[in-house]
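Undergrad: Got a sequence here, can you build the structure:
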Amino acid sequence: MCISPLNEDVLDEAMVDGLGDDFGYFVYETIGPRSKACIEVLAKCPTYEAAVRLLEFLVPPLHRPIAA
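TA: Sure, this is the predicted structure:
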């Protein structure tokens with residue numbers, strides 16, 4: 001799972017509709033090999049902190065990377 005802002009072109013390519021404009025942070029996962037990866041947007045949050053908090057609910061503790 002990833003968190004980042006996504007521009008309108010990426011959202012259009014991923015056929016994301018109904019989330020408003022491209023302002024905010026998106027929680028998404030990549031599908032397929034990295035060279036041709038597609039994304040599936042799971043959620044949109046107004047701030048990075050909100051996206052991280054949401055990710056804490058979605059990803060079990062054993063699967064989270066350890067922050068340095």
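Undergrad: use CA for all of it now, contacts and neighbours both
TA: Fine.
Undergrad: helices and strands around the lengthiest helix in the chain, which ones?
TA: Counting by DSSP state H, the longest helix found in the chain is helix 48-58. On a contact count with 3 or more Cα pairs under 8 Å, 6 or more residues apart in numbering; DSSP states H and E, helix 48-58 meets strand 2-4, strand 25-31.
Undergrad: Show me what the shortest one pairs with in its sheet, parallel or antiparallel.
TA: Sheet pairing of strand 2-4 (DSSP bridges) gives strand 25-31 (antiparallel).
Undergrad: What lies in contact with the strand it pairs with?
TA: 1-6, 37-48, 51, 55 (Cα atoms under 8 Å, 6 or more residues apart in numbering).
Undergrad: To Met15, which of the helices and strands packed on helix 48-58 lies closest?
TA: When the helices and strands packed on helix 48-58 are compared for distance to Met15 using Cα to Cα, the nearest one is strand 25-31, at 13.0 Å.
Undergrad: Could I get the average pLDDT for that closest one?
TA: Summarised as a single mean, pLDDT over strand 25-31 is 91.
Undergrad: May I have that strand as PDB, with CA atoms only?
TA: Output in PDB follows, covering the C-alpha atoms of strand 25-31 (Å, rounded to 0.1, in the frame of the first residue of the first chain):
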ATOM      1  CA  TYR A  25      -3.300  12.200  -0.400                       C
ATOM      2  CA  PHE A  26      -4.400   9.000  -1.900                       C
ATOM      3  CA  VAL A  27      -4.100   5.500  -0.300                       C
ATOM      4  CA  TYR A  28      -3.500   3.000  -3.100                       C
ATOM      5  CA  GLU A  29      -1.900  -0.200  -4.100                       C
ATOM      6  CA  THR A  30       0.000  -1.200  -7.200                       C
ATOM      7  CA  ILE A  31      -1.100  -4.100  -9.400                       C
END
